[in-house]
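K.L.:
Dropping the sequence and predicted coords here.
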Amino acid sequence: MADKNWLQTDDWKNEKHVPVIEAPDKVKKGEVFHVKVQVGKEISHPNTTAHHIKWMDLFFWPEGEKFPYEIGYMSFDAHGASVKGADTSTVYCDPYGVFAFKTDKPGKLMSTSYCNIHGLWKHEKKIEVK
């Protein structure tokens with residue numbers, strides 16, 4: 001079996017599947033800060049019963065640590081389906097969320113998102129602690 005790149009990445013300005021991480025470049029040691037994650041920031045991702053973002057998560061990997069910490073996970077479960085069929089509802093989730101946490105160490109934020117048709121996508125952003 002050929003080895004495939006199953007965790008995809010690209011420039012989020014050109015690719016609608018990449019989860020975009022918005023967070024400060026520098027945070028204060030021990031103070032809570034907010035991290036926004038959004039799929040389809042520059043180019044909208046479809047949100048239909050047949051094609052949608054199912055979930056996204058956020059991890060933080062502090063420098064010098066062996067493993068990252070999962071900060072949170074969000075599931076997007078409303079994609080227009082109802083008892084009448086696909087895309088018959090007026091309820092559609094938007095793949096957007098805000099996470100809040102604090103750290104004493106610099107490190108790397110990592111987010112992944114899952115498209116039911118195009119698989120897993122990731123984005124990373126480094127943060128410093130002052």
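P.N.:
In hand now; what should we look at?
K.L.:
Sketch out the low-pLDDT regions of the protein for me.
P.N.:
1-4, 8 (pLDDT under 70).
K.L.:
at 90 instead, please
P.N.:
By pLDDT under 90, the low-scoring segments of the chain are 1-16, 40-44, 46.
K.L.:
could you pull out the strands for it?
P.N.:
Using DSSP state E, the strands of the chain run over 7-8, 19-22, 26-27, 33-39, 53-62, 69-75, 96-101, 107-115, 119-129.
K.L.:
what residues are up against T9?
P.N.:
With contacts defined as CB atoms under 8 Å, 6 or more residues apart in numbering, T9 is in contact with V18, W121, K122, H123. All C-beta spots, glycine's among them, are computed from the backbone N, C-alpha and C.
K.L.:
In a markdown table: those residues, plus neighbour count and distance to T48.
P.N.:
Listed next are these as a markdown table, based on neighbours: other CB atoms under 10 Å; distance: CB to CB, whole Å:
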| residue | neighbour count | distance to T48 |
| --- | --- | --- |
| V18 | 26 | 19 |
| W121 | 23 | 18 |
| K122 | 18 | 23 |
| H123 | 22 | 23 |
